[in-house]
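Chemist: Give the three-dimensional model of this entry:
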Amino acid sequence: MSMDASNVIALLAVPGLFAVAIGAVLLRRAFSLRNPLPEEFAFAVAWVFLVGSLVWLGVYLSGSVLLGFGPPWNWLAAAHFATAGFGALTVTAFCCRAVSGSGALRALRILLLAHPATYLVTAAGIYGFRFCDELGSAGYGLIFLIQLAAFLCGRPHRMRRGACIMATVALLVPVLTVIPAMAWAWGRPILDIPEMIRYHGIVNAIGHVGLGLAAFAWGKPPSHSALPDKTNALPG
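Modeler: Numbering: from 1, shown residues only. Below is the predicted model:
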């Protein structure tokens with residue numbers, strides 16, 4: 001049963017404004033650092049995906065159609081924006097903070113650009129553009145494999161050991177769950193849609209994004225750049 005549009009706006013307005021405010025605060029912080037870094041900007045950009053998720057959720061709750069997608073595809077789009085958009089990009093940004101190896105850090109920072117690009121390619125594939133499904137799924141497979149290797153080889157010692165192990169498990173999850181997505185994209189599905197939601201969507205949401213954010217919240221890897229010391233600017 002769909003909700004009235006005014007009720008949907010009333011329900012999602014506060015979380016939408018909250019997401020915009022958090023993104024703005026993180027963007028201001030990124031500009032304030034002594035050395036502005038890609039991962040610090042990525043933390044802010046990720047919240048754009050969360051706003052997009054709320055838009056699609058609003059479309060679903062109101063029973064509307066956007067870009068030709070009605071229920072349940074608009075609900076799936078909302079979930080995809082939240083996990084593959086916001087969650088996956090934030091986890092990669094935290095990986096940058098955690099590692100100290102220069103080569104691994106460079107690779108992870110490239111992935112910060114690859115994430116949104118691959119997301120758009122995948123979205124184009126869902127919309128019907130030829131070869132984008134295959135390209136998007138292969139891109140994600142490569143992203144998650146490189147991310148795991150860069151994290152393990154990049155000396156992730158900027159966070160406590162237990163959190164590092166927890167993060168490693170979280171980074172391994174999408175390497176496995178991308179396989180049924182690739183099979184689906186290449187026309188050889190091994191799971192139907194309900195199974196994809198369970199074994200690809202929910203497992204990624206909990207095992208990759210949920211576990212990953214919990215690991216980095218526990219480990220608290222610091223930024224590679226510091227905020228300027230304002231005490232030096234005080235008179236006297």
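Chemist: what's the longest helix in the protein?
Modeler: In the chain, with assignment by DSSP state H, the single longest helix is helix 5-32.
Chemist: So which other helices or strands are in contact with the next helix or strand after it?
Modeler: Downstream of helix 5-32, the next assigned helix or strand under DSSP states H and E is helix 38-61. Helix 38-61 sits against helix 5-32, helix 73-80, helix 88-98, helix 102-127, with contacts defined as 3 or more Cβ pairs under 8 Å, 6 or more residues apart in numbering; DSSP states H and E. For glycine as for every other residue, the C-beta is placed from the backbone atoms N, C-alpha and C.
Chemist: can you list the weak-confidence ranges in this structure?
Modeler: Regions of the chain meeting the criterion pLDDT under 70 cover residues 1, 230-236.
Chemist: Tell me which residue is most central in it.
Modeler: The residue lying closest to the centre of the chain (Cα atoms, centre = their mean) is A88, at 2.5 Å.
Chemist: Am I right that that one is in contact with V209?
Modeler: Yes - A88 sits in contact with V209 when judged by Cβ atoms under 8 Å, with a separation of 6.7 Å.
Chemist: any idea how far the residue nearest to P38 when sequence neighbours are not counted lies from P15?
Modeler: Distances taken as Cβ to Cβ, 6 or more residues apart in numbering place R109 nearest to P38, at 4.7 Å, with adjacent residues excluded. From R109 over to P15 the distance is 30 Å, taken as Cβ to Cβ, to the nearest Å.
Chemist: now swap in V121 and tell me
Modeler: Distance from V121 to P15, by Cβ to Cβ: 28 Å.
Chemist: So these two - more neighbours on which side?
Modeler: Shown here are V121 and P15; by other Cβ atoms under 10 Å, V121 has more neighbours (20 against 14).
Chemist: Can you get me a residue count around the closest residue to the more buried one other than its chain neighbours?
Modeler: In this structure, V121 finds its nearest non-sequential neighbour in G136, 4.4 Å apart by Cβ to Cβ, 6+ apart. Per other Cβ under 10 Å, the neighbour tally for G136 reads 25.
Chemist: mind exporting the strand or helix carrying G136 as CSV, just the C-alpha atoms?
Modeler: Using DSSP H and E, G136 falls within helix 132-153. In CSV, the C-alpha atoms belonging to helix 132-153 read as follows (Å, rounded to 0.1, in the frame of the first residue of the first chain):
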residue,chain,number,x,y,z
CYS,A,132,27.3,-2.0,-19.4
ASP,A,133,26.0,-4.9,-17.2
GLU,A,134,29.1,-7.0,-18.1
LEU,A,135,31.5,-4.0,-17.8
GLY,A,136,30.0,-2.9,-14.4
SER,A,137,30.1,-6.4,-12.8
ALA,A,138,33.6,-7.0,-14.1
GLY,A,139,34.7,-3.6,-12.8
TYR,A,140,33.3,-4.4,-9.3
GLY,A,141,35.0,-7.7,-9.3
LEU,A,142,38.3,-6.0,-10.1
ILE,A,143,37.7,-3.3,-7.5
PHE,A,144,37.0,-5.6,-4.6
LEU,A,145,39.9,-7.9,-5.5
ILE,A,146,42.4,-5.0,-5.7
GLN,A,147,41.0,-3.5,-2.5
LEU,A,148,41.5,-6.7,-0.6
ALA,A,149,45.0,-7.2,-1.9
ALA,A,150,46.0,-3.5,-1.3
PHE,A,151,44.7,-3.6,2.3
LEU,A,152,46.5,-6.9,3.1
CYS,A,153,49.8,-5.8,1.4
